[in-house]
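**Student:** The following block contains a protein sequence and its predicted model.
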Amino acid sequence: MEFSRVADLYEKIEDTTKRLEMTDHLVSLFKDSPPQIIDKVVYLTQGKLYPDYMGIELGMAERMAIEAVSRATLVAKKKINQLYKQSGDLGLTVEELLKGRFPPLKALTVEDVYSTLDKIAKTSGKGSNEIKIRLLSRLLRGSRPKEAKYIVRIVTGKLRLGIGDMTILDALALAFTGDKSNRPILEEAYNLSSDLGIVAKTIAEKGLEGIKKFQVTIGRPIRPMLAERMSSAEEILERMNGKASAEFKYDGLRIQAHISPNEVYLFSRRMENITSQFPDVAEALKKSLKVDEAIVEGECVAVDPHTGEMYPFQMISRRRGRKYDIEKMMEEIPVNIYLFDVLYVNGVDLTKKPYLERRSALEKIVEETDKVKLAEYKIIDNPKDLELYMHIAIEKGCEGVMVKSIDEDSIYTAGKRGFKWLKYKREYKSEMGDTVDLVVVGAFAGKGKRAGTYGALLMAAYNHEKDVFETVCKLGTGFTDEELAKLPELLKPYKIERCHPRVDSGIEADVWFVPAIVLEVRGAELTLSPSHRCGWGKVAENAGLAIRFPRLEKWRTDKSPEDATTVQEIIEMYKNQLKHI
Ligand code: ATP
């Protein structure tokens, strides 16, 4: 398949103002892609080469890309730097430089582009920078201007088309079954594999029947089941049909461990492979699990080795993302893992089994040790006991409790936030005591003291059903002066000409962004709003919901925009708030 076809479609997608149009462009791209390479097309479209969990980063340093552009175009680096400063986009710069030149004799294929980028990503060690530069300059020499634009954006990690996983799944359903209502079937395969490429290849080669037979596999993370929130013990038990399991809600890092005779993989909540950061946990699990193959989930928490006391999240977070001094950190910050679920044992997928069956399977395969424990739980059938149990959990250093359904249908719903798991923390008692995670979609120019930076950011919640971001507030408080000053620079890579097709806003912002950055925000209360689009028409006619007095709490670099608080959750919070007035 010629890469020019892909580049043309990327350009069309960038010119699109509507999400449905975006999906249509993707449908024609996928229909054109030969099944044996459709996985590569999907990864490239998201600016990647592999699914995230493989941890293969492409991001080539800009100065190296500039060197490659210089060699490919025979234009001096100084000049390129100048042009790049003006355009702010190295992709546009290379496109301009190549325009009007004699086109390459041979058309570039998707395979050419992918295999060269793959080599660039995997070359390491001494002399690797020079090899990478050569590979890229050769590729650019064989490219047309538009192709070069997208290659440079991909290789520097700046292809930001803002296409979410759900949009890709919609497009795949349409392209290969002709019917978008088949998306949930594809979504389930994606939730079991965290790999859109393999889902695309399976549907293209084997159709819907192949997708229905999709299997859990060791080494491929299962997307985590997530919890809804509720603010009173009575409501929780009512929702759970009177009886449920209350587990301690440990305040640490969620880990999904895949164990096989030769290998242990640890995945984070965002499905990054973090095995090398926690070799102590991998080792401890290997010893404690009495089976050949298993996938288990638990929360990893930092503990005082002398008293066994649990430290809050901030402590274990110091061990995240480290490449060096791992041994030292293991000694300084020892951790335990509290296992709360099992999803697979020796070839058997347990995700469709109810909670109590999974819990008893977990108890059978785990031999508790100093470092590996089973999550504490209690079956509860009245609000008073639930309240008491939550206080016991908090006293022990937990955040509260996770209340889990014990009904027959309490299966593990991978990748979904639902009411089969409810989190119950003390702070939910006050109106909007809990924070929400919102996505930056626009900004307003600052005035007075804030001239030159942004006065406020336009924030949105995620509507999972529609796969769009609906605005819910303007955020202008809680930033330090330093953060404020840096905002334009930090957000510049995401800046676009107009409102992104996946953003629903009733407000005209001064600047628009690709939905990418997630901020944790604390608000005073939720109100009906004629201008914000969050949950439009769901609680009142011709109105959405807005957060009053929002304040920045922290930057959530660990969350992707689709992990933001959902519109559905905000509606639920609004209804709860009404009950407490
Ligand atoms: P939060 O900020 O509350 O952790 P979240 O969006 O990261 O929210 P939720 O599904 O809302 O995730 O809350 C569940 C999280 O609580 C899990 O992802 C997990 O990390 C943690 N947790 C701690 N103990 C348990 C437990 N016993 N069962 C399930 N999850 C637990």
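**Tutor:** Great, that's in hand.
**Student:** interface residues of the chain facing the ligand?
**Tutor:** 224, 226-227, 247-250, 254, 269, 299, 340, 375, 402, 423 (C-beta under 6 Å from any ligand atom). Yep, even glycine has a C-beta here, placed from its N, CA and C like the rest.
**Student:** now those as CSV including pLDDT?
**Tutor:** Below are these laid out as CSV (pLDDT from 0 to 100):
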residue, pLDDT
Pro224, 96
Leu226, 95
Ala227, 95
Glu247, 98
Phe248, 97
Lys249, 97
Tyr250, 96
Arg254, 97
Arg269, 92
Glu299, 98
Phe340, 98
Ala375, 98
Met402, 98
Lys423, 94
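**Student:** Tell me which stretches of the stretch 151-300 of the chain form helices.
**Tutor:** In the stretch 151-300 of the chain, the helices defined using DSSP state H, counting those that start in this stretch lie at 165-177, 183-193, 196-212, 233-239, 279-288.
**Student:** Would you point to the one among those that's packed deepest?
**Tutor:** Looking across the helices of the stretch 151-300 of the chain with neighbours counted as mean count of other C-beta atoms under 10 Å, the highest average goes to helix 165-177: a mean of 22.
**Student:** starting at the chain centroid, how far to it?
**Tutor:** Remark: helix 165-177 is offset 19 Å from the chain centroid, using C-alpha atoms, centre = their mean, to the nearest Å.
**Student:** contacting residues around it?
**Tutor:** Contacts with helix 165-177, where a contact means C-beta atoms under 8 Å, 6 or more residues apart in numbering, come from 19, 22-23, 26-27, 29-31, 42, 45-46, 179-183, 185-187, 190, 196, 199-200, 203-204, 207-208, 464, 467, 502, 562.
**Student:** and it with helix 183-193, angle?
**Tutor:** 120 degrees (axes from the mean of the first three to the mean of the last three C-alpha atoms, to 10 degrees).
**Student:** quick revisit: looking at the helices of the stretch 151-300 of the chain, which is nearest to Asp437?
**Tutor:** helix 165-177 (17.2 Å; C-beta to C-beta).
**Student:** now the closest one: mean pLDDT?
**Tutor:** Regarding helix 165-177, the rounded mean pLDDT is 96.
**Student:** likewise stretch 556-573?
**Tutor:** For stretch 556-573, the per-residue pLDDT averages 91.
**Student:** Show the end-to-end separation of that stretch, please.
**Tutor:** Start and end residues of stretch 556-573 are separated by 21 Å (C-alpha to C-alpha, to the nearest Å).
**Student:** in it, what's buried?
**Tutor:** For stretch 556-573, the neighbour count (16 or more other C-beta atoms under 10 Å) marks 556, 558-573 as buried.
**Student:** where along the stretch 1-150 of the chain do the helices fall?
**Tutor:** Going by DSSP H, counting those that start in this stretch, the stretch 1-150 of the chain shows helices at 3-15, 19-32, 38-45, 62-73, 77-87, 90-98, 110-122, 128-141, 145-155.
**Student:** Low-confidence stretches in the stretch 451-581 of the chain?
**Tutor:** 579-581 (pLDDT under 70).
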